[in-house]
Structures are given as structure tokens and as C-alpha cells.
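need coordinates for the following:
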Amino acid sequence: MAQVRVTVDGVEYVDDVEPRTLLVYYLRERLGKTGTVIGCDTSNCGACTVHLNGQSVKSCSVLAVQADGAEITTIEGLARDGELHPVQKAFNECHALQCGYCTPGMIMQAVDLLSDNPDPDERAVREGLEGNLCRCTGYQNIVRAVQSAAKAMKPGATAPVDTPTPVAGGQ
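Residues are numbered from 1 along each chain as shown. Now for the predicted structure:
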């Protein structure tokens, strides 16, 4: 067993884990963070995306012991004081989900994308999310949601999340 000390969604945890335990299983099974879903176990789909020290990672490709000393944010940790994060709001308002399985990872990746590029065009959004797979939506509404969240997150923005104009080839 190995000891890990992590801060997850603002709460510090110290646990003994098997050295081979993947971060996704530690988050789900030990800490109950079931919003971090297991999609493929091969890092292909991105459903398990979380933020590790502020950067998005696929938690199925990180060992829990590698996260020792880290700050981790899961989908459960994005909302503040009962208020959804602007990206979460935008996914809801823009109908950017269908079955919802990919949604937590897609949102976490979108938050990271917007921290690097606060005003992405359609191409930048598509490239920024290319490591996250959605088998239902065709991505048009996901792109709209990310661009809508970007608009809502601009300094001085007071308007609620709105649906931006359709992307090229969209509906």
C-alpha cells in the first residue's frame, strides 16, 4: 500500500491505496465522486476527465499515487455555492447533451479549453475537445455551448447564458 494525500473539490484526503489503483477508481470508489465516469479505460473517450493541478487529464491514465500532493477538481466541484459553473449552465441551455455519459468529461475539458482560450472560434472548440468523444450529439450543440459559456464568462458579462448563432454546418 502507498499513502496519498490529495485535495479533491476543496477537501483534503489522506488514504492508503494500492500502487496500481487508477485515479478514476480512487475518485469513484473511495471518495464517491461518481460524476467522474468510466468510459473506456484506455484514455480514448475522455469521459473520465478531471482537473489535476488546474490541467485536464484523463483520470483512467493517471495512477492515484501519481496524484499525491495534487489538487483535483471533479465535475462535482465545479459548482460554487449552489450555482452551476457557466459551462455547466451552457450545456444545459444549449442542449449539449443527450444520453449524458460523456457530459462530465466534456464539461471538464471545455473549462480547461476556456482557461487557455477565452474566446475560441468553432475550429478551436472542436480541436480543444477532440480527445473527448460523444456518440450521440454530433457536437454542434456542444460547440455552441462552449462558445456561449465563453461569452458568459467574459469580464463584465451579466446576461444569462444564451444560445449563440448556429455553427457552420449546424442546425
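
which residues in this protein form helices?
23-25, 86-93, 103-116, 122-128, 140-153 (DSSP state H).

just want the angle from the second one to helix 140-153.
Note on geometry: by axes from the mean of the first three to the mean of the last three CA atoms, to 10 degrees, helix 86-93 and helix 140-153 are set 140 degrees apart in direction.

give me the contacts around helix 86-93.
Here helix 86-93 makes contact (CB atoms under 8 Å, 6 or more residues apart in numbering) with 78-79, 84, 96-97, 103, 106-107, 110-111, 114, 142, 145-146, 148-149, 152-153, 160-163. For every residue, glycine as well, the C-beta is placed using N, CA and C.

OK, contacts around the closest residue to residue 26 other than its chain neighbours?
Of all residues not flanking residue 26 in the chain, residue 64 sits nearest, at 3.9 Å (CB to CB, 6 or more residues apart in numbering). Listed by CB under 8 Å, 6+ apart, the contact set of residue 64 reads 4, 6, 17, 21-23, 25-26.

picking up where we left off before, which members of the contacts of helix 86-93 are classed as buried?
Buried subset of those (neighbour count, 16 or more other CB atoms under 10 Å): 78, 96-97, 103, 106-107, 110-111, 114, 142, 145-146, 148-149, 152-153, 161.

pLDDT below threshold where in this protein?
158-171 (pLDDT under 70).

would you map the strands across it?
For the chain, the strands defined by DSSP state E cover 2-8, 11-17, 49-52, 55-58, 71-73.

just those: most buried one?
strand 49-52 (a mean of 25; mean count of other CB atoms under 10 Å).

look up the closest residue to the most centrally placed residue in the chain, ignoring the ones flanking it.
Centroid check for the chain by CA atoms, centre = their mean gives residue 108 as the closest residue, at 1.3 Å. Nearest non-adjacent residue to residue 108, counting by CB to CB, 6+ apart: residue 49, 4.3 Å away.

partners of the one you found in the sheet?
residue 58 (DSSP bridges).

re the thing from before, so which of the helices of the chain gets nearest residue 31?
For residue 31, the closest of the helices of the chain is helix 23-25, at 10.1 Å, according to CB to CB.

quick one: residues in contact with the closest one.
With CB under 8 Å, 6+ apart, helix 23-25 has contacts from 36, 38, 48, 50, 52, 57, 59-60, 62-64, 66-67, 72.

what do you get if the cut-off is 6 Å, keeping everything else the same?
Applying CB atoms under 6 Å, 6 or more residues apart in numbering, the contact partners of helix 23-25 are 36, 38, 48, 59-60, 62, 64, 67.

out of these, what pair is the most spread apart?
Among the contacts of helix 23-25, 38 and 67 lie farthest apart (CB to CB), at 16.5 Å.
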